[in-house]
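**Student:** Starting from these lines, generate the structure:
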Amino acid sequence: TQTLRDLVRQRANHVRLCAQHVQRMQKALQLMNLKLTHVLGDITGVTGLKIIRSIINGERDPVELAKLRDRRCKHDEAEIAEALTGRYRSEHVLELELCYTMWQHYQAVITKLDGAIDAHLKTMQRHDLPPLPKKARVRGRKPHDPKFDVRTALYFLLGLDLTAIEGIDEIHALTLISELGTDFSKWPTVQHFTSWLGLCPNWKQTGGKVKSSRTRKGKGRAAHALCLAAWGLMRSKSYLGAYLRRMRARLGAPKAITATAHKLARIIYALVRYGVAYQKKSEEDFAEQHRQRMEKNLHKRAKEMGYE
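**Tutor:** Coordinates of the predicted model:
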């Protein structure tokens with residue numbers, strides 16, 4: 001587990017450095033008045049990389065550059081050509097070329113780390129299980145996604161599929177297992193687990209009066225991964241997505257994300273520690289549960305006031 005943790009942390013560091021060079025490429029394009037980020041959601045996609053390579057090779061005609069557009073782009077060639085009308089200064093083109101070279105180098109480093117992580121996960125597999133059924137991807141593959149099947153590797157390691165939980169992506173599951181390990185018995189209860197993560201209220205009271213109940217600062221990588229997974233549920237039609245939106249309406253977005261991350265932590269603890277099967281629930285199930293809770297509270301208040 002320590003070896004896996006070190007490899008995954010190295011990968012996360014290189015992904016962060018890779019993202020810095022993507023931001024510098026965006027800055028170089030902005031300095032040349034090339035509004036490529038306005039017409040492309042990701043400049044490291046198919047269309048963006050083709051255009052950047054063509055600019056580095058000396059192409060300056062915006063119409064010719066716009067012809068490199070992939071058919072799946074939302075904007076047409078005319079809009080892309082208008083965004084690529086700018087000032088091609090040599091120093092900014094050189095910066096774009098150097099940052100693109102460094103981005104390619106970090107991509108090669110991440111690919112090598114993915115191979116090492118995949119090989120190490122195969123040595124940790126202990127379960128002889130039936131094949132895992134295929135799962136449709138929610139979104140397209142990104143340049144920083146792992147180059148191997150993380151879902152299957154973790155399935156044969158744990159004996160369960162963590163990505164079945166809404167919001168838990170492959171990279172989130174890999175980060176959680178590398179940071180937490182596979183033996184959750186070191187946390188006697190789920191309360192110990194969520195307290196260790198820093199996702200539960202940190203009560204500070206004196207004389208029976210609560211001074212503060214904020215969660216502690218300095219959350220680790222596992223808690224950060226859970227918060228990212230919770231943020232991805234903002235538009236989900238699942239039970240957890242409905243819970244996040246209701247908590248955001250009551251408490252605001254930061255506290256709602258922490259509360260949803262806490263709920264995700266409890267689900268993962270039950271899955272890994274006790275093997276409890278995860279049951280997916282829809283947004284309608286959450287609405288029905290909320291209605292029943294309100295009805296129960298109304299009956300209780302009516303009884304207190306003398307009504308039947």
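**Student:** residue boundaries of the helices in the stretch 201-308 of the chain?
**Tutor:** Assigned by DSSP state H, counting those that start in this stretch, the helices in the stretch 201-308 of the chain fall at 221-231, 239-251, 253-274, 283-304.
**Student:** how about those helices in CSV, adding distance to residue 10, mean pLDDT and mean neighbour count?
**Tutor:** (Glycine included, C-beta is placed from N, CA and C.) Shown next, in CSV, are the helices of the stretch 201-308 of the chain (distance: least, C-beta to C-beta, whole Å; pLDDT from 0 to 100; neighbours: other C-beta atoms under 10 Å):
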stretch, distance to residue 10, mean pLDDT, mean neighbour count
helix 221-231, 12, 93, 21
helix 239-251, 31, 93, 18
helix 253-274, 24, 93, 19
helix 283-304, 39, 93, 12
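**Student:** And these: which comes nearest residue 154?
**Tutor:** Judged by C-beta to C-beta, the one of these that comes nearest to residue 154 is helix 253-274, at 10.8 Å.
**Student:** show me where pLDDT drops low in the stretch 51-200 of the chain?
**Tutor:** Flagging of the stretch 51-200 of the chain using pLDDT under 70 yields the residue ranges 138-140.
**Student:** returning to that earlier point: I'd like the helices of the stretch 201-308 of the chain laid out as TSV, including distance to residue 159.
**Tutor:** TSV is the format used below for the helices of the stretch 201-308 of the chain (distance: least, C-beta to C-beta, whole Å):
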stretch	distance to residue 159
helix 221-231	20
helix 239-251	23
helix 253-274	9
helix 283-304	27
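**Student:** Which one of those lies nearest to residue 198?
**Tutor:** In terms of C-beta to C-beta, the element of these nearest to residue 198 is helix 221-231, at 5.5 Å.
**Student:** Can you tell me, leaving aside adjacent residues, what's nearest to residue 63?
**Tutor:** residue 81 (5.2 Å; C-beta to C-beta, 6 or more residues apart in numbering).
**Student:** same for the helix or strand where that neighbour lies, what does it pack against?
**Tutor:** According to DSSP states H and E, residue 81 maps onto helix 77-83. Applying 3 or more C-beta pairs under 8 Å, 6 or more residues apart in numbering; DSSP states H and E, one finds that helix 77-83 makes contact with helix 36-39, helix 62-66.
**Student:** Buried residues of the shortest one, list them for me.
**Tutor:** Pointing back at helix 36-39 there. For helix 36-39, the neighbour count (16 or more other C-beta atoms under 10 Å) marks 36, 39 as buried.
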